[in-house]
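Novice: Predicted model, plus sequence, below.
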There are 2 protein chains.
Amino acid sequence: MAQPNHDVTATAGDVLGTYLRSQATAFLRALRLHDESGPSGGNGVYTADGSDATRGLRGAARRISGSLATFRPVTETGWADSLRTELVWLSATLADEHAYGARLTRLMDALHRLSGAPSDTPEVPSPRNSAGALTVGSARAGALLERQLTLARTRAHSAGLQALGSSRFHAVADAVAVLASEVPLDPVAAAGSVADVLVPLSALAKSRLDAAVSALPLSRASHPYNADALIDDSHQDAPWHEVRRLLRVHRYAQEALGADITRLTAAGEALDRHRDAAEAAAASATAARTPRIAPTTAYALGVLHADQRHDVEAARFAFHHIWLRTPAALPS
Amino acid sequence: MAQPNHDVTATAGDVLGTYLRSQATAFLRALRLHDESGPSGGNGVYTADGSDATRGLRGAARRISGSLATFRPVTETGWADSLRTELVWLSATLADEHAYGARLTRLMDALHRLSGAPSDTPEVPSPRNSAGALTVGSARAGALLERQLTLARTRAHSAGLQALGSSRFHAVADAVAVLASEVPLDPVAAAGSVADVLVPLSALAKSRLDAAVSALPLSRASHPYNADALIDDSHQDAPWHEVRRLLRVHRYAQEALGADITRLTAAGEALDRHRDAAEAAAASATAARTPRIAPTTAYALGVLHADQRHDVEAARFAFHHIWLRTPAALPS
């Protein structure tokens, strides 16, 4: 890990305050962008600007709540705890719409790829001349997934708009506006040095992450094609999702300290892929439980499920390499 | 490749003759074992001895026909060509019964593994308490595959018995019996040295193999989780099957020359796994086209298909490592 590049004379309060203020500003900027992207109230129209704005809101909300958790003793804890709870609610609420959209795109791309169609083909794959069971069913499977995930996405969009129009959200936005100008800090802890106060707190976040990583079956994941992820065990993903969450908290703390987060970002992307593939596989399994579907549709959904679980395994393999190889290659 | 370890004063005819006689003797021994394993005529009873005997017959038949192809100019070619044709017919006929049995075992093992059942569980997986779509359908999928592959195996068993009782087979056995005592050789070529006659002919078999290997997408296969094998393209396996065939011919030639075939055997096993997984995936796709199956059965067959294609990809990855890594690690 590179050394923090902040001013060595800065106090813990200076560094944390600067980070929180910049994230609060980013939050307010995204909110303004969202409001400007038009009154798309409940009509299910998604604009690119609106989507960027929501992503910006989520990113800033996650960074603020993560930093408030890691560096809690440096803040006014009562204030920090309540804002954190509200930001977690907000980012979770806003995440769903994007997640359903991304899941549909991922599954459609996979259906195209599995059908052997050129990757630039638009829309749902159409049956080809060669009559494979997958090809026959993949168009129907695609249509079914599109129907189910578009419905879920539309509902999530409405829920998001409703949240952004609620008095609960306005209270959050007001609190973030305060944060943008003045961060409520604990006067004693904030006056300490970065090395004495922030570094030990970020080390605690790191040790929680390390403990969770050590519980992962990493040596198993290091063997390509171990076929573990295909086993029908609903509990096997949870430790990976937990590492993803702790890695994100650790990354935001390092970001606040001005450290190099290149490797953490890459590791996080592998775990994002793990989560996305796991949820896409689950969506395929759910679609297969739709009553009265044709066997060819169910067959295509089974292939798609296994393909996505295959990608879960690939993401574990990628995480293993990023996590263990890169530091091993550096002088310790 | 290790150097041949035969006597340097031996002629081409001596070395080839020794190999062919030993294989002919193995053929006759297996035939005797088969006859002793009892008159299981058409009743579908498979004895372990009978199965070993058939495997022995196939192995010897393949080695004799392979050597006759590679070293054709050293033999009486008219005789060699006709015996080779008959041995190819025989080994193909006898291979089916074993192949169907092995395919069923492979698919049942995969269903057990995918269901998360302990690997020592006997028979078809039974539905577990947790109601996954795969678990619901996997027992039915297993029963369907068992029905279809057991029927195919029984037919292949009858066809094998019929072949072994035919006058065509008796003529083959007579020809092999002649071979066991005296190999019909071309007097001029057989009198040449091993280095002048057999080595160039085996190099020709090697160059055919090398050309076929160079046509494989090996660098693609070297990246784990490339997901290529899952693409619905019925032509993608053919070059690998061709390499498997040529590798076997090359291996038998090296065996005849007394060379070390450890690496060739390992590479061949990877390609056997490739072929077995590809055929198991095809059997799963075929079963999914059975009329009036339940969607849950079709879904389980889809997962199973993708799992086996995943193993096809794993076998390509393994072949790549055996083929390219091992020689690269040795001083050239």
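Specialist: The structure has been received and is ready for your questions.

Novice: any idea which helix or strand carries A:V312?
Specialist: Element membership of A:V312 [criterion: DSSP states H and E] is helix A:295-320.

Novice: My error: substitute A:A102 in the last question.
Specialist: Per DSSP H and E: A:A102 is located in helix A:77-114.

Novice: Okay, strands next: where are they in chain A?
Specialist: When assigned using DSSP state E, chain A turns out to have no strands.

Novice: need the residues of it near chain B, please.
Specialist: Within chain A, the residues that sit near chain B (C-beta under 8 Å from any C-beta of the partner chain) are A:113-116, A:130, A:132-135, A:224-225, A:227, A:230-234, A:285, A:288-289, A:293-307, A:310-311, A:313-314, A:317. Heads up, the C-betas are built off the backbone N, CA and C, glycines and all.

Novice: Go again with 7 Å.
Specialist: Residues of chain A lying close to chain B (C-beta under 7 Å from any C-beta of the partner chain) are A:113-116, A:130, A:132-135, A:224-225, A:227, A:230-234, A:285, A:288-289, A:293, A:295-296, A:298-303, A:305-307, A:310, A:314, A:317.

Novice: what residue ranges in chain A score low on pLDDT?
Specialist: The model of chain A has pLDDT under 70 over residues A:1-8, A:38-46, A:117-134, A:326-332.

Novice: residue nearest the centroid of it?
Specialist: Central residue of chain A (C-alpha atoms, centre = their mean): A:D272, 5.8 Å from the mean position.

Novice: can you tell me how far that residue sits from chain B?
Specialist: Distance from A:D272 to chain B, counting by C-beta to the nearest C-beta, to the nearest Å: 16 Å.

Novice: Provide a list of residues in contact with that residue.
Specialist: Residues counted as contacts of A:D272 (C-beta atoms under 7 Å, 6 or more residues apart in numbering or on different chains): none.

Novice: Whichever residue of the stretch 201-332 of chain A sits closest to chain B - how many residues pack around it?
Specialist: Closest approach of the stretch 201-332 of chain A to chain B (C-beta to the nearest C-beta) occurs at A:G302, with a separation of 2.3 Å. Applying other C-beta atoms under 10 Å in any protein chain shown, we find 35 residues neighbouring A:G302.

Novice: That one and B:A300 touch, don't they?
Specialist: Yes - contact criterion C-beta atoms under 7 Å: A:G302 and B:A300 qualify, at 6.4 Å.

Novice: A:P217 - nearest residue in space that isn't next to it in sequence?
Specialist: A:D228 (7.3 Å; C-beta to C-beta, 6 or more residues apart in numbering or on different chains).

Novice: do A:A180 as well
Specialist: Nearest one to A:A180, counting by C-beta to C-beta, 6+ apart, is A:A24 at 3.8 Å.

Novice: count of residues packed around A:E242?
Specialist: 17.

Novice: got a list of what it touches?
Specialist: Counting by C-beta under 7 Å, 6+ apart, A:E242 has contacts A:A212.

Novice: same deal with A:L304?
Specialist: A:L107, A:A110, A:L111, A:L114, A:A141, A:S284 are the contacts of A:L304 under C-beta under 7 Å, 6+ apart.

Novice: circling back to that earlier point, how close does the residue nearest to the centre of chain A get to B:R245?
Specialist: Noted for A:D272: a distance of 44 Å to B:R245, by C-beta to C-beta, to the nearest Å.

Novice: And the contacts of stretch A:308-318?
Specialist: Residues outside stretch A:308-318 that contact it (C-beta under 7 Å, 6+ apart) are A:110, A:221, A:224, A:226, A:228-230, A:240, A:270, A:273-274, A:277-278, A:280-281, A:284, B:224-225, B:227, B:310.

Novice: hang on, I meant stretch A:64-71
Specialist: Here stretch A:64-71 makes contact (C-beta under 7 Å, 6+ apart) with A:16, A:19-20, A:23-24, A:75, A:80, A:83-84, A:87-88, A:198, A:201-202, A:205, A:248-249, A:252-253, A:256.

Novice: go on, stretch A:284-296?
Specialist: Applying C-beta under 7 Å, 6+ apart, the contact partners of stretch A:284-296 are A:107, A:133, A:136-137, A:140, A:144-145, A:148, A:298, A:301-302, A:304-305, A:308, B:133, B:288, B:293, B:295, B:298-299.

Novice: circling back to that earlier point, and the contacts of stretch A:308-318, which of them are buried?
Specialist: Using 16 or more other C-beta atoms under 10 Å in any protein chain shown as the burial test, the contacts of stretch A:308-318 include A:110, A:221, A:224, A:228-230, A:240, A:270, A:273-274, A:277-278, A:280-281, A:284, B:224-225, B:227, B:310 as buried.

Novice: Now do the same contact list for the closest residue to A:R62 other than its chain neighbours.
Specialist: Excluding the flanking residues, the one nearest A:R62 by C-beta to C-beta, 6+ apart is A:S91, at 5.2 Å. By C-beta under 7 Å, 6+ apart, the contact list for A:S91 reads A:R58, A:A61, A:R62.

Novice: How many residues are close by the second one?
Specialist: This means A:A61. There are 28 residues near A:A61, going by other C-beta under 10 Å.

Novice: so it sits right up against A:L90, yeah?
Specialist: Yes - assessed by C-beta under 7 Å, A:A61 is found in contact with A:L90 at 5.3 Å.

Novice: so how far is chain B from the residue lying closest to A:A159 once chain neighbours are set aside?
Specialist: With sequence-adjacent residues excluded and distances taken as C-beta to C-beta, 6+ apart, A:A159 is closest to A:T93, at 6.4 Å. In this view, A:T93 and chain B are 29 Å apart by C-beta to the nearest C-beta.

Novice: For A:T93, the count of nearby residues, please.
Specialist: Counted with other C-beta under 10 Å, residues neighbouring A:T93 total 20.

Novice: ok, now A:S181?
Specialist: With other C-beta under 10 Å as criterion, A:S181 counts 9.

Novice: gap between it and chain B?
Specialist: 49 Å.

Novice: do A:R58 as well
Specialist: Between A:R58 and chain B the distance is 29 Å, computed by C-beta to the nearest C-beta.

Novice: quick one, what contacts that residue?
Specialist: A:R58 makes contacts with A:S91, A:L94, A:A95, as judged by C-beta under 7 Å, 6+ apart.

Novice: at 8 Å what do you get?
Specialist: A:L90, A:S91, A:L94, A:A95, A:H98 (C-beta atoms under 8 Å, 6 or more residues apart in numbering or on different chains).

Novice: same deal with A:P224?
Specialist: Shown in contact with A:P224 (C-beta under 8 Å, 6+ apart): A:F317, B:P224, B:Y225, B:A314, B:F317.

Novice: what about the helices in the stretch 51-200 of chain A?
Specialist: Applying DSSP state H, counting those that start in this stretch to the stretch 51-200 of chain A gives helices spanning A:77-114, A:133-164, A:167-181, A:187-191, A:199-214.

Novice: got the phi/psi numbers for A:Q236?
Specialist: Main-chain dihedrals, A:Q236, degrees, to the nearest 10: phi -70, psi -20.

Novice: Ok, A:I231 next?
Specialist: Dihedral angles for A:I231 - degrees, to the nearest 10 - are phi -70, psi 140.

Novice: Likewise for A:P184?
Specialist: Per-residue torsions, A:P184: phi -70, psi 110 (degrees, to the nearest 10).

Novice: What about it, how many residues nearby?
Specialist: With other C-beta under 10 Å as criterion, A:P184 counts 17.

Novice: Hmm, A:T77 and it touching each other?
Specialist: No - between A:P184 and A:T77 there is no contact, the gap being 9.5 Å when judged by C-beta atoms under 8 Å.

Novice: Helices - which of the contacts of stretch A:308-318 land there?
Specialist: Assigned to helices by DSSP state H, the following of the contacts of stretch A:308-318 qualify: A:A110, A:A221, A:W240, A:A270, A:R273, A:H274, A:A277, A:A278, A:A280, A:A281, A:S284, B:H310.
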